[in-house]
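Novice: turn this into a model:
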Amino acid sequence: MATVSLNFPGGELSTYVATPDGAGPWPGVCVIHDALGMSQDLRNQADWLAGEGYLAAAPDLFDGGTFLGCVRTIMRDFSRGEGPLFDRVEAVRQWLIHHENSTGKVGVIGFCFGGGFALLLAPRGEFSAASVNYGALPKNADEFLKQACPIVASYGAKDRTLKDAADRLEDILTAAGIDHDVEEYPEADHAFMNDHSADKIPFLIQVVSFLFGGGEFNPSAAQDSRRRIIAFFDRHLKARETAG
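Specialist: Take a look at the predicted model:
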């Protein structure tokens with residue numbers, strides 16, 4: 001496990017890389033953080049994926065800053081579908097594709113802010129699969145997601161910020177004929193897969209979480225989500241292509 005600097009059009013990008021044990025090649029996964037940016041939880045997520053046989057790269061998309069400090073950039077890039085955030089993810093994707101121990105297949109996984117970002121990336125034809133964890137659906141999701149890659153998504157029924165998101169995403173992907181696995185956990189709230197107990201959470205983030213329903217880590221829901229994600233990724237990222 002190591003932190004590396006990747007080049008992208010705007011400069012250098014600090015990225016935590018978790019490598020599986022044994023000999024490659026391995027499929028890659030770009031791990032997109034939540035609103036806290038680079039954290040111990042993010043590193044733990046990458047380590048978990050590496051333990052399942054994935055070359056995991058987790059970039060600091062906020063460049064050492066905070067979600068609130070980057071809000072203007074986030075909103076601008078998300079509305080345009082391009083900009084520094086997309087450039088940074090593309091740099092990570094290219095690094096994973098061309099890594100000496102890569103199979104060339106790459107997936108993306110995101111949490112909260114990162115889950116919404118993973119949904120924005122899903123239709124671009126760049127990733128072989130996407131894991132969306134309590135990510136907000138984009139505007140005009142019915143049309144936007146018609147050409148999405150396979151998606152595995154997890155939501156908490158107690159998450160008042162994303163009410164009915166799971167049902168709506170299920171309906172959209174079913175209508176579009178996209179392979180998917182969408183689950184809503186009855187006893188889970190927002191951020192139920194993120195264990196930030198080892199992270200220092202800024203006071204302002206704590207206030208925002210309290211006001212808008214920040215949720216808390218739910219071990220049982222997190223464990224089942226991880227099981228589903230790995231099964232889905234194994235099918236789409238590890239399965240050998242057969243000649244048609």
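
Novice: just the buried residues of the one helix or strand residue 119 maps to, please?
Specialist: Applying DSSP states H and E as the criterion places residue 119 in helix 113-121. Along helix 113-121, these residues count as buried under the neighbour rule (16 or more other Cβ atoms under 10 Å): 113, 114, 115, 116, 117, 118, 119, 120, 121. (Each C-beta comes from the backbone N, C-alpha and C, glycine too.)

Novice: how about stretch 176-192?
Specialist: Neighbour-count burial for stretch 176-192, counted by 16+ other Cβ under 10 Å, picks out 178, 180, 181, 182, 184, 185, 188, 189, 190, 191, 192.

Novice: need the max-distance pair from the residues you listed.
Specialist: Across the buried residues of stretch 176-192, the longest distance by Cβ to Cβ is 26.9 Å; it joins 178 and 189.

Novice: secondary structure of residue 189: a helix, I assume?
Specialist: No: going by DSSP: H, G, I helix; E, B strand; the rest coil, the assignment for residue 189 is coil, not a helix.

Novice: if I look at the closest residue to it other than its chain neighbours, how far off is residue 35?
Specialist: Using Cβ to Cβ, 6 or more residues apart in numbering and skipping residues adjacent in sequence, the residue nearest residue 189 is residue 215, 3.3 Å away. According to Cβ to Cβ, to the nearest Å, residue 215 and residue 35 sit 12 Å apart.

Novice: of those two, who's got more company?
Specialist: residue 35 (24 against 21; other Cβ atoms under 10 Å).

Novice: right, and the more buried one touches residue 67 too?
Specialist: Yes: contact status for residue 35 versus residue 67: in contact at 3.9 Å, counting by Cβ atoms under 8 Å.

Novice: so how many other residues sit close to residue 200?
Specialist: 8.

Novice: for it, report the pLDDT, please.
Specialist: The per-residue pLDDT reported for residue 200 equals 74.

Novice: same question for residue 213.
Specialist: 55.

Novice: where's residue 57, which helix or strand?
Specialist: Using DSSP H and E, residue 57 falls in strand 55-59.

Novice: other SSEs contacting the following helix or strand past that strand?
Specialist: Following strand 55-59 in sequence order, the next helix or strand is helix 71-80 (DSSP H and E). Applying 3 or more Cβ pairs under 8 Å, 6 or more residues apart in numbering; DSSP states H and E, we find helix 71-80 packed against helix 84-98, helix 113-121.

Novice: and those as a markdown table, adding distance to residue 22 and mean pLDDT?
Specialist: What follows is the helices and strands packed on helix 71-80, written out as a markdown table (distance: least, Cβ to Cβ, whole Å; pLDDT from 0 to 100):
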| stretch | distance to residue 22 | mean pLDDT |
| --- | --- | --- |
| helix 84-98 | 18 | 96 |
| helix 113-121 | 28 | 97 |
